[in-house]
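>>> Generate a structure from the sequence data that follows.
(one chain, ligands or ions: 1)
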Amino acid sequence: MNKKIFLCAALPVALAINTASAQDVQLKLHPSQAETVIPKEIYGQFAEHLGRCIYGGIWVGKDSEIENIEGYRKDVFEALKDLEVPVMRWPGGCFADEYHWMDGIGPQENRPRMVNTNWGGTVEDNSFGTHEFLNLCEMLGCEPYISGNVGSGTVEEMAKWVEYMNSDTNSTMAELRRKNGREKPWNVKYFGVGNESWGCGGNMKIEYYTNLYRRYNTYARNYGKNRLFRIASGANGGDTHWMDVAMRECRHNMDGISVHFYAVRDWGSEDDPITGIPMGKKGSALNFNDQQYYEIVSKSLEIEDIIRKHCAVMDKYDPKKNVAIMFDEWGTWFNVEPGTNPGWLYQQSTMRDAVIAAASLNIFHKYTDRVKMANIAQVVNVLQSMILTNEKNPKDPCILTPTYYVFKMYKPHKEGKFIPADLTCESIRVNDKEQVPVVSSSASTKDGQITLSLANLDVAKPHTIAISADEMKLALVSGEILTAKDIHAHNDFGQATQVQTTSFKDVKQKKDGSLVVTIPAHSVVTLQVK
Ligand code: AHR
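Take a look at the predicted model:
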């Protein structure tokens with residue numbers, strides 16, 4: 001396990017100075033201890049019928065004036081293709097427990113309209129349904145992850161959905177699929193039985209949900225050779241009671257259990273002083289001071305403690321680690337951008353989001369003996385997105401967020417073996433309780449090469465890292481960096497290249513086979529090393 005050793009004397013935020021001290025961070029890699037493979041599914045995405053994620057983000061329809069491939073927005077599709085998305089979760093989120101899949105099949109003009117009560121009361125015309133989603137996944141080469149409706153749907157409805165998607169027989173459901181244009185089953189593997197059943201998915205107690213899980217899950221059948229990977233609705237953050245009861249009652253009936261964690265300052269709401277619209281106390285995605293920066297970074301790092309707590313509970317029931325944690329919602333959550341629909345959760349994304357993404361992925365890598373999937377929320381136009389499209393001028397090219405670039409830089413970690421390491425660095429004191437280590441790191445090995453990612457979480461100061469490895473001399477092959485002068489830097493319409501990756505060479509090769517690397521304040525660096 002990657003031990004982090006923080007020096008005792010933490011610096012208060014105000015004392016952080018703008019100079020790098022010589023080799024103030026030590027990183028020792030243990031390549032011979034690399035065992036656990038980092039599943040590519042850690043790099044999963046989440047697409048919900050929420051705001052402009054599906055409509056205007058992914059889907060514009062075949063007749064749109066916006067360039068599209070079979071109705072999918074072309075620039076968004078291509079950006080996702082380039083990212084090599086391994087898995088995408090759909091249709092929610094909260095939307096999933098009000099979604100009735102039969103409304104979203106058949107001729108588009110006959111599909112019923114519903115009010116999306118969770119997300120701004122928008123009228124949903126169901127033009128994007130099962131075929132549109134599963135065909136998209138096929139075109140992207142990613143695994144679909146379907147979230148089934150337990151909150152307001154019936155057992156029969158869920159059972160028939162699975163049959164419709166996966167059966168190759170001449171049953172009525174399989175024939176209906178064929179009539180709607182799809183001959184072969186999609187063989188969907190990942191299947192979630194409810195979403196946030198403790199909240200928008202039915203406000204249940206875990207003692208009640210476990211019975212429902214067992215019942216709904218029974219009738220979600222396997223068809224042909226396809227085996228469903230069955231995912232229970234899991235805890236809200238660190239709710240270990242939920243995990244405990246779910247593991248006690250359902251561990252033999254599930255392959256994974258979800259956990260949701262958002263880095264949010266305060267869920268409480270307050271009104272926008274100008275419009276009177278409830279904006280929340282989550283703070284702005286774009287305007288923040290150093291203290292607010294560290295508060296959110298520190299919040300995002302709490303995910304490690306949450307994983308440890310859940311792992312301890314799971315180990316008690318399942319020491320062989322047969323049941324996986326699926327972080328199928330995570331990311332930053334700020335106030336919506338001023339002037340946008342408060343129910344659509346549209347937020348901008350800065351270098352702050354990028355370092356948080358990197359630090360979170362570094363944490364997931366460490367626990368991949370138990371954490372097998374993570375789906376950042378959400379893929380386009382919602383919360384910590386990869387991609388943004390312009391609401392006012394939808395024909396503008398889409399823009400890629402700093403978080404997109406982190407996911408791109410981290411691609412070589414997929415299916416690499418996680419390398420345990422010791423990181424020694426100072427930390428910055430945020431308040432009485434919280435501290436943020438100045439550097440977060442992760443390394444993996446694949447095809448005889450090491451990928452090493454470093455995130456400088458210090459908003460003001462560069463840091464110099466001495467990197468060595470047991471019984472191995474390190475030689476740099478290539479490097480890439482994502483940074484900007486200002487932590488608030490972000491890409492915007494008409495200014496799409498404010499934050500993007502460039503090559504990184506600030507690496508000194510030492511005779512003893514170690515490397516000395518200086519990384520600028522608030523940056524993410526990925527090195528290829530041999
Ligand atoms: O991602 C936005 C929402 O956050 C999801 O719909 C829900 O599951 C969670 O509360």
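>>> what's across from Lys28 in the sheet?
Under DSSP bridges, the beta-bridge partners of Lys28 are Asp422, Ser468.
>>> where's it relative to Asn211, distance?
Separation of Lys28 from Asn211 (C-beta to C-beta, to the nearest Å): 49 Å. All C-beta spots, glycine's among them, are computed from the backbone N, C-alpha and C.
>>> In contact with the residue in the chain that the ligand sits nearest to, which residues?
Closest to the ligand within the chain is Gly93: 2.6 Å, counting by C-beta to the nearest ligand atom. Neighbouring residues of Gly93 by C-beta atoms under 8 Å, 6 or more residues apart in numbering: 46, 48-50, 118, 147, 195-196, 200, 329, 377-378.
>>> Ramachandran coordinates for it?
phi 60, psi -180 (degrees, to the nearest 10).
>>> gap between it and Tyr145?
From Gly93 to Tyr145 the distance is 12 Å (C-beta to C-beta).
>>> Which residues of this structure lie near the ligand?
48, 92-94, 195-196, 329, 377-378, 383 (C-beta under 6 Å from any ligand atom).
>>> Next, check those residues against the strands and list the overlap.
Among the residues of the chain next to the ligand, the residues falling in strands (DSSP state E) are 329, 377.
>>> got the CA coordinates for stretch 105-125 in PDB?
Backbone C-alpha positions of stretch 105-125 (Å, rounded to 0.1, in the frame of the first residue of the first chain) are rendered in PDB as follows:
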ATOM      1  CA  ILE A 105     -38.300   2.400 -27.500                       C
ATOM      2  CA  GLY A 106     -40.100   2.200 -30.900                       C
ATOM      3  CA  PRO A 107     -40.800   5.100 -33.300                       C
ATOM      4  CA  GLN A 108     -39.600   8.400 -31.800                       C
ATOM      5  CA  GLU A 109     -42.800  10.200 -32.600                       C
ATOM      6  CA  ASN A 110     -44.800   7.700 -30.500                       C
ATOM      7  CA  ARG A 111     -42.700   7.900 -27.400                       C
ATOM      8  CA  PRO A 112     -44.500   9.400 -24.400                       C
ATOM      9  CA  ARG A 113     -43.300  12.600 -22.700                       C
ATOM     10  CA  MET A 114     -42.700  12.800 -19.000                       C
ATOM     11  CA  VAL A 115     -41.600  15.500 -16.600                       C
ATOM     12  CA  ASN A 116     -38.100  15.000 -15.300                       C
ATOM     13  CA  THR A 117     -39.100  15.900 -11.800                       C
ATOM     14  CA  ASN A 118     -35.600  15.400 -10.300                       C
ATOM     15  CA  TRP A 119     -33.900  17.800 -12.700                       C
ATOM     16  CA  GLY A 120     -35.600  21.100 -13.300                       C
ATOM     17  CA  GLY A 121     -39.000  19.800 -14.300                       C
ATOM     18  CA  THR A 122     -37.800  19.600 -17.900                       C
ATOM     19  CA  VAL A 123     -40.100  17.700 -20.300                       C
ATOM     20  CA  GLU A 124     -38.300  14.500 -21.400                       C
ATOM     21  CA  ASP A 125     -39.400  13.300 -24.900                       C
END
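>>> buried residues in that stretch?
If you call a residue buried by 16 or more other C-beta atoms under 10 Å, then stretch 105-125 has these buried ones: 105-106, 108, 111, 114, 116, 118-119, 122, 124-125.
>>> what about the stretch 251-400 of the chain, any weak spots by pLDDT?
269-280 (pLDDT under 70).
>>> Helices of that one, start to end?
Here the stretch 251-400 of the chain has its helices, by DSSP state H, counting those that start in this stretch, at 290-317, 351-366.
>>> hey, where'd the strands end up in the stretch 351-500 of the chain?
Assigned by DSSP state E, counting those that start in this stretch, the stretch 351-500 of the chain shows strands spanning 371-377, 387-388, 399-400, 417-418, 421-425, 427-429, 435-437, 439-446, 449-456, 463-469, 476-482.
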